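**Student:** Just to be clear, the model below is a prediction. Sequence and coordinates:
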Amino acid sequence: MNQYKMTIQEAKEEIANTLHIYLQRNHLSQYEIPVAKQRPVLLMGPPGIGKTAIMEQIAQEENVALVSYTITHHTRQSAVGLPVIREREYDGQTFSVTEYTMSEIIASVYDKMEQTGLSEGILFLDEINCVSETLAPTMLQFLQYKTFGSHRIPDGWMIVAAGNPPEYNKSVRDFDIVTLDRLKRIDITEDFPAWKEYAYAHGVHPAILSYLEIKKENFYQVDATIDGEDFVTARGWEDLSRFLLSCEKNSLPVTTATLHQYLQHEEIARDFGNYYELFKKYRQSYDVVGILEGNESPETLSRLTSASFDEALSVLKLFLGRLSEMFALTHQQDGTLTIIFESLQHWRGLLASSGKTARELLQEEVERLAGQQSAMKAAGQLSEERERQFLAAREFLQKGLTQLHTPEQPQTTGQTEDETAFLQIKELFEQETAAYETLADDTRNALTNAFLFLEKAFAGRQEMVLFVTELTLNAHGTWFVSEHGCDKFYEYNKELLLEERKKELKERIRHLI
């Protein structure tokens with residue numbers, strides 16, 4: 001058994017690198033590693049830590065198609081195909097021979113290629129070692145030879161299978177050495193720091209992040225009891241976050257029973273419930289939004305300065321949570337503007353040559369964006385954020401359509417209808433750009449105000465280091481600073497890097513002595 005275990009982030013990088021290598025071609029356009037020697041990847045790890053999520057991310061980032069199946073939902077017939085009697089001639093004699101129709105799984109790969117126009121991709125099969133007894137030999141054949149029945153996976157498609165270790169699932173089947181010797185096995189372990197970066201990027205509720213920062217041991221647990229198993233997983237925390245955010249948005253109560261539906265570990269659900277009530281209390285008493293707008297009060301500053309570490313950490317997460325929302329919104333708006341700009345460039349390029357009216361071309365552009373969005377979604381390449389950007393861009397174009405002059409309306413003297421239409425849409429785009437610049441300025445000011453307030457409360461203390469460290473883990477935050485700057489962030493980040501360098505040098509000296 002492989003004793004080296006990766007975090008989910010390390011596994012993602014390993015699979016992405018493997019995909020790059022498998023799709024690399026030589027000067028003869030042949031795959032550098034022959035298809036027959038491209039080992040399927042086998043991910044082994046606890047349930048609910050994000051195996052499916054990283055496959056979606058890899059497909060989106062590498063611009064390849066993705067087909068996903070939970071193999072336990074399939075029968076032998078759907079995996080292999082249905083038997084068909086064919087007439088074959090051997091040595092002058094005719095015989096009836098059983099063949100099989102194409103596997104539903106392989107057919108879905110070809111369907112995906114046709115829908116998306118992508119010839120390369122990933123076939124992901126989850127719960128590979130939990131199949132029924134009748135399907136087990138088929139799965140072994142598939143992993144060894146990349147075939148279901150008599151049909152082979154198309155070249156250019158990497159196979160990734162995932163399974164759970166036996167301690168998490170009583171119905172798992174062990175793979176024999178012959179099969180394992182044909183696989184590229186990656187063992188994954190749960191890891192809160194790796195998940196935290198994902199959590200920031202996906203807007204996980206700050207109460208969850210601060211709670212788990214204090215009680216990391218509760219991030220992932222599976223405990224056997226006389227009544228069954230109590231468990232909590234990364235998937236449970238993320239799904240709970242979405243529900244909490246919706247409850248707060250709609251002013252709905254959250255009970256311990258509700259929490260237990262996501263955190264199926266009674267003790268942890270109760271403990272988080274108590275913490276969540278405390279977190280809401282901090283949110284009411286510390287005016288984080290007001291402070292980020294530059295309206296701090298001496299009373300709030302004094303209270304935070306003398307707060308316990310757990311309370312200070314909770315307040316830090318309140319700041320980080322609000323800033324994270326602003327970073328994410330700015331990033332989303334930036335992506336939306338990019339889509340709109342490219343779309344308007346395409347629209348303008350057709351105005352003079354197509355023979356169609358500006359309105360007709362703009363309507364076609366709306367439809368083109370919708371088609372592009374659908375194709376990306378079918379290919380598994382459309383993240384939630386990217387989908388929102390497409391929807392917002394299409395909404396902008398629709399708004400532009402309603403504001404274009406109709407033929408009955410007067411035109412500006414000396415301008416053609418197309419020129420007038422372009423100027424109208426340009427003005428609308430400039431308004432959108434100005435709104436984005438205002439949002440970016442507000443976000444930069446909020447980040448600066450957070451530093452100014454927190455350095456008064458935590459000057460020279462570890463809370464300040466923690467705040468800067470958490471900001472660097474936020475992908476949207478680091479993007480924002482790189483695009484829009486923040487002098488206070490650069491100042492503190494430089495100090496943090498110097499401190500880390502000093503620690504590294506001291507550690508080297510200690511080993512030399």
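**Tutor:** In hand now; what should we look at? Residues are numbered from 1 along each chain as shown.
**Student:** Give me the contact list for stretch 311-328.
**Tutor:** For stretch 311-328, the surrounding residues in contact (CB atoms under 8 Å, 6 or more residues apart in numbering) are 200, 203, 205-207, 209-210, 213-214, 278-279, 282-283, 286, 288-289, 291-292, 304, 307, 385, 439, 442-443, 446-447, 450, 454, 457-458, 463, 466-467, 470-471, 474, 476-477, 479-480. For glycine as for every other residue, the C-beta is placed from the backbone atoms N, C-alpha and C.
**Student:** So for it, mean pLDDT?
**Tutor:** In this model, stretch 311-328 has a mean pLDDT of 95.
**Student:** same thing with stretch 360-380?
**Tutor:** 91.
**Student:** In that stretch, which residues are buried?
**Tutor:** 361-362, 365-366, 369, 373, 376, 378-380 (16 or more other CB atoms under 10 Å).
**Student:** what about the strands in the chain?
**Tutor:** 5-6, 41-44, 65-70, 83-90, 93-100, 121-126, 147-148, 151-152, 157-163, 184-188, 221-225, 228-232 (DSSP state E).
**Student:** and the ones you listed, which one is worst for confidence?
**Tutor:** strand 93-100 (a mean of 72).
**Student:** show me what contacts the residue nearest the centre of the chain?
**Tutor:** The residue lying closest to the centre of the chain (CA atoms, centre = their mean) is residue 57, at 5.4 Å. Residue 57 makes contacts with 12, 383, as judged by CB under 8 Å, 6+ apart.
**Student:** Look up how far residue 122 lies from it.
**Tutor:** 11 Å (CB to CB, to the nearest Å).
**Student:** what's the answer for residue 152, then?
**Tutor:** 16 Å.
**Student:** what do you get for residue 237?
**Tutor:** Taking CB to CB, one finds residue 237 at 26 Å from residue 122.
**Student:** quick one: low-confidence ranges for the protein?
**Tutor:** For the chain, applying pLDDT under 70 flags the ranges 1-3, 73-83, 98-102, 169-171, 224-227, 405-415, 495-513.
**Student:** Recalculate using a threshold of 50.
**Tutor:** 1, 408-410, 505, 509, 512-513 (pLDDT under 50).
**Student:** one step back: looking at residue 152 and residue 122, which is more packed in?
**Tutor:** Shown here are residue 152 and residue 122; by other CB atoms under 10 Å, residue 122 has more neighbours (23 against 14).
**Student:** so the more buried one touches residue 55, yeah?
**Tutor:** Yes - if you go by CB atoms under 8 Å, residue 122 and residue 55 touch, sitting 6.2 Å apart.
**Student:** what is in contact with these two at once?
**Tutor:** 66, 160.
**Student:** ok, the residue lying farthest from the centre of the chain to residue 130 distance?
**Tutor:** Within the chain, the residue lying farthest from the chain centre (CA atoms, centre = their mean) is residue 92, at 59.5 Å. Separation of residue 92 from residue 130 (CB to CB) stands at 48 Å.
**Student:** same question, residue 197
**Tutor:** Distance from residue 197 to residue 130, by CB to CB: 29 Å.
**Student:** And the two? Which one has more around it.
**Tutor:** residue 130 (19 against 14).
**Student:** My guess is that one contacts residue 166. True?
**Tutor:** No - under the criterion of CB under 8 Å, residue 130 is not in contact with residue 166, lying 10.2 Å apart.
**Student:** which residues sit in contact with the closest residue to residue 95 other than its chain neighbours?
**Tutor:** Once flanking residues are discounted, residue 95 sits nearest to residue 88: 5.4 Å by CB to CB, 6 or more residues apart in numbering. By CB under 8 Å, 6+ apart, residue 88 lies in contact with 94-97.
**Student:** related to what we said a few turns ago, quick check: the gap between the residue farthest from the centre of the chain and residue 86.
**Tutor:** 17 Å.
**Student:** where do the contact lists of residue 130 and residue 166 overlap?
**Tutor:** Common neighbours of residue 130 and residue 166 (CB under 8 Å, 6+ apart) are residue 172.
**Student:** show me where the stretch 401-513 of the chain has helices.
**Tutor:** 417-458, 462-473, 475-484, 487-512 (DSSP state H, counting those that start in this stretch).
**Student:** ditto for the stretch 51-200 of the chain
**Tutor:** 51-62, 76-80, 104-116, 136-145, 177-180, 192-201.
**Student:** got CSV for these, with distance to residue 268 too?
**Tutor:** Shown next, in CSV, are the helices of the stretch 51-200 of the chain (distance: least, CB to CB, whole Å):
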stretch, distance to residue 268
helix 51-62, 22
helix 76-80, 38
helix 104-116, 37
helix 136-145, 35
helix 177-180, 35
helix 192-201, 14
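**Student:** what's the spacing between residue 350 and residue 278?
**Tutor:** 58 Å.
**Student:** no no, residue 68
**Tutor:** 39 Å.
**Student:** more neighbours, these two?
**Tutor:** Using other CB under 10 Å as the criterion, residue 68 and residue 278 rank with residue 68 on top: 17 against 14.
**Student:** wait, the more buried one sits on residue 112?
**Tutor:** No - if you go by CB under 8 Å, residue 68 and residue 112 don't touch, sitting 10.3 Å apart.
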